[in-house]
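>>> any chance you could fold what I've pasted below:
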Amino acid sequence: MIRAGRRKYTQNSEDLAAAMGVTIGTFRNKQPYADDAFPPLISSDGARVKLWDSEQTAAHLAGRPMPELPQEDDEQDLLDRNEAAAELGVSPKTWDVYKTHPQIAPHLTKVKGVEHCPRGIVQAFRTGKKAGADAGPKGRPKGRPKGSGDMVPRDEISARVGDLLDEDPAVTLATVQEHLGLSYATAARALPRLRGERIADLLQTEPDLTPEQAATRLGYPTAVQRTALASAATELRARQVQPYLQRVADVLAGAGLAEAQDVRVQRLEGDVLAAAVALSGSGTPALVWDERYGWRTAVSRRHPIGKETGTPPEGEGIRYLSEHQQPEPAQLLAALTDARRGSKHPKAVHRAGGTLRG
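Numbering: from 1, shown residues only. The predicted structure follows:
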């Protein structure tokens, strides 16, 4: 975490490489931070972007005693994604939902490209969430005027439905619609998806459980388990492929073709998985991975995946880079930088879906 008052001392790999007088490529290859004597990271374990305190690294590089950082927690400490999730006792995936809540979203801040949230805001949200669960659903907006849109902003829907699910694991679609003012279609997307994410969380924590046992443990009625288990299967596929997609994005960033970014796996219609990597320094706006067709170039940086049509996107500027669903990042990089490689149509179509495993 970034301790209170020390934001200005935050240093990423590029900053540290410059301070050491080496290129970022040399820094990454030699990994001086792997030495036990090197100042510890202030980013969380497993964080993709490594962060240090520049006063500590400067002292180390100059051969001076390394200054101690504050040890006591403070409301102004800045927590990254993993740390905020740990503070709430949830998975980082669940934090991604909670952070859209209006009590949290305005306070998010990026430091060296990494999103952080003040500890005090996370703690206040946890306190309010518990108080809301104790109070029950009283006072929530009732009903939805005929012909109106959803009464909850889109980026708050998951968190609000999650609150109802926390209060009652057996909550029905009708109750979600009534208390949040959502359409049937919106509620029918959000509720099974959240149940599926929680089943996936439990299966990863306790891999000896069967999916059905996990659903029962969470209190989900038999009548809703089929859709919840199907959603969990999709969620687990997304979690399994995300590290590969992130590795591709990191390789592209290391080659100077993209900025460092966190890759988010999206669900298209029919629970098909897709993801996009925004590019820079090349004539291609973005790359898109679709589990049916593999990697392709995209013609839009803002909306690279585009609208789902059920058929492979084709046309000017679209080039499929491999017949394999998950080619090695180096192979993908070579295909991207060589216009002679690839094809206008996918050479192979992979079937989406799979069995549910913990």
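
>>> quick one: name whatever helix or strand follows the longest strand anywhere in the chain.
Longest strand in the chain by number of residues (criterion: DSSP state E): strand 272-278. Going down the chain from strand 272-278, the next helix or strand is strand 286-290, by DSSP states H and E.

>>> okay, the angle between that following strand and strand 272-278?
Strand 286-290 and strand 272-278 meet at an angle of 160 degrees, taking axes from the mean of the first three to the mean of the last three Cα atoms, to 10 degrees as the criterion.

>>> pull strand 286-290 out as CSV, backbone CA atoms only.
Coordinates of each C-alpha in strand 286-290 appear next as CSV, following Å, rounded to 0.1, in the frame of the first residue of the first chain:
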residue,chain,number,x,y,z
ALA,A,286,-6.4,-2.5,-30.7
LEU,A,287,-6.2,-6.2,-30.6
VAL,A,288,-9.3,-8.3,-29.7
TRP,A,289,-9.3,-11.9,-28.4
ASP,A,290,-12.5,-13.9,-28.9
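
>>> could you give the mean pLDDT of the longest strand of the chain?
Strand 272-278 shows a mean pLDDT of 95.

>>> in its sheet, which strands sit next to that strand, and in what direction?
Its sheet considered, strand 272-278 pairs with strand 266-268 (antiparallel), strand 286-290 (antiparallel) by DSSP bridges.

>>> mean pLDDT for these: which is lowest?
The weakest mean pLDDT among the strands paired with strand 272-278 belongs to strand 266-268, with a mean of 91.

>>> which parts of it are buried?
Buried positions in strand 266-268, judged by neighbour count with 16 or more other Cβ atoms under 10 Å: Arg267, Leu268. Using the backbone N, CA and C atoms, a C-beta is placed for each residue, glycine as well.

>>> stretch 237-244 now?
So, applying 16+ other Cβ under 10 Å, buried residues of stretch 237-244: Arg237, Ala238, Arg239, Val241, Gln242, Tyr244.

>>> swap in stretch 114-128?
By 16+ other Cβ under 10 Å, the buried positions in stretch 114-128 come out as Val114, His116, Cys117, Pro118, Arg119, Ile121, Val122, Phe125.

>>> stretch 62-75 now?
Met66, Leu69.

>>> what about the residue nearest to Ser44 when sequence neighbours are not counted, which SS state?
Counting by Cβ to Cβ, 6 or more residues apart in numbering, Asn82 is the residue found nearest to Ser44 once chain neighbours are left out, at 4.0 Å. Here Asn82 is helix, with the state taken from DSSP: H, G, I helix; E, B strand; the rest coil.

>>> doesn't Glu115 fall inside a helix?
No: according to three-state DSSP, Glu115 belongs to no helix; its state is strand.

>>> quick one on the thing from earlier: make TSV from the buried residues of stretch 237-244 and add secondary structure to it.
Shown next, in TSV, are these (three-state DSSP):
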residue	secondary structure
Arg237	helix
Ala238	helix
Arg239	helix
Val241	helix
Gln242	helix
Tyr244	helix
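
>>> quick one: which of those residues is nearest to Thr175?
Within the buried residues of stretch 237-244, proximity to Thr175 (Cβ to Cβ) peaks at Ala238, which comes in at 27.3 Å.

>>> so that closest one sits against Val265, correct?
Yes: using Cβ atoms under 8 Å, Ala238 is in contact with Val265, at 4.2 Å.

>>> Ser183: which of the strands paired with strand 272-278 is closest?
Counting by Cβ to Cβ, Ser183 lies closest to strand 266-268 out of the strands paired with strand 272-278; the figure is 18.4 Å.
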